[in-house]
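> Whatever this is, show me its structure:
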Amino acid sequence: MVAGAFPLAKLLTLGARQLSRPLAARIKAGARAICGWICGASGVFYHWVEMRTKMRLLGFRGATVKPLNEDAAAELGAELLGEALVFGVGGLCLYLEYLRQAGQSRRREEHLEQTLSDLRQGLEQLQRDLDELRAQGQ
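As a prediction, this is how the structure comes out:
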C-alpha cells in the first residue's frame with residue numbers, strides 16, 4: 001500500500017525543511033533592516049576568521065585582513081543567519097526522526113521480549129501438564 005511506503009513523519013519533515021527556506025529569506029530581509037549591526041558584526045567576524053584561515057593555509061602568517069564595508073558585512077551576516085536557520089531546522093528534523101526511529105525500535109524489542117516471555121510461560125505450562133499426565137499414567 002502506498003501510505004505505508006511513505007510515512008507521514010517523513011513528509012512533515014520534508015515540508016518543514018522546505019518551509020524553512022522562505023522563512024529564512026524573510027528573516028534575512030528583516031535582519032538587514034532591523035538589526036543590521038548584529039548581522040554586520042557577525043559578518044565582519046566571519047570574514048575575519050575566513051580570511052585569516054585562508055591566509056594561513058597559503059602561508060601568509062603576518063598578513064592583516066582588510067575589513068568589509070558595512071553593507072557587505074550586513075549582507076554576509078544576514079546570509080549566515082539564514083543558513084544557520086535552515087541548518088538548524090534540518091538538524092532538528094534529523095533529531096526528531098532519530099527519536100522516532102529509536103522509539104519504534106524500542107517498542108519492537110519490548111514486543112519481542114513480551115512474546116518470548118509468553119512463549120516461555122506457555123512452555124512451562126505444557127511441561128507441568130506433561131508431568132501431571134505422566135504421573136497419572138504411572
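
> Just give me how far stretch 14-25 sits from the chain centre.
14 Å (C-alpha atoms, centre = their mean, to the nearest Å).

> any idea how far the longest helix along the chain is from the chain center?
Using DSSP state H to define each element, the chain has its longest helix at helix 70-137. In terms of C-alpha atoms, centre = their mean, the centre of helix 70-137 is found 16 Å from the chain centre.

> and that helix, what other elements does it pack with?
helix 8-34, helix 36-58 (3 or more C-beta pairs under 8 Å, 6 or more residues apart in numbering; DSSP states H and E). Using the backbone N, CA and C atoms, a C-beta is placed for each residue, glycine as well.

> pLDDT averaged over the longest one - what is it?
For helix 8-34, mean pLDDT rounds to 72.

> likewise stretch 83-98?
Rounded mean pLDDT across stretch 83-98 is 86.

> swap in stretch 43-57?
Here the average pLDDT along stretch 43-57 is 89.

> Identify the residues contacting the residue lying closest to Arg61 once chain neighbours are set aside.
The shortest distance from Arg61 to any residue other than its chain neighbours is 7.7 Å, reached at Met55 (C-beta to C-beta, 6 or more residues apart in numbering). Met55 makes contact with Arg61, Ala63, Val65 under the criterion C-beta atoms under 8 Å, 6 or more residues apart in numbering.
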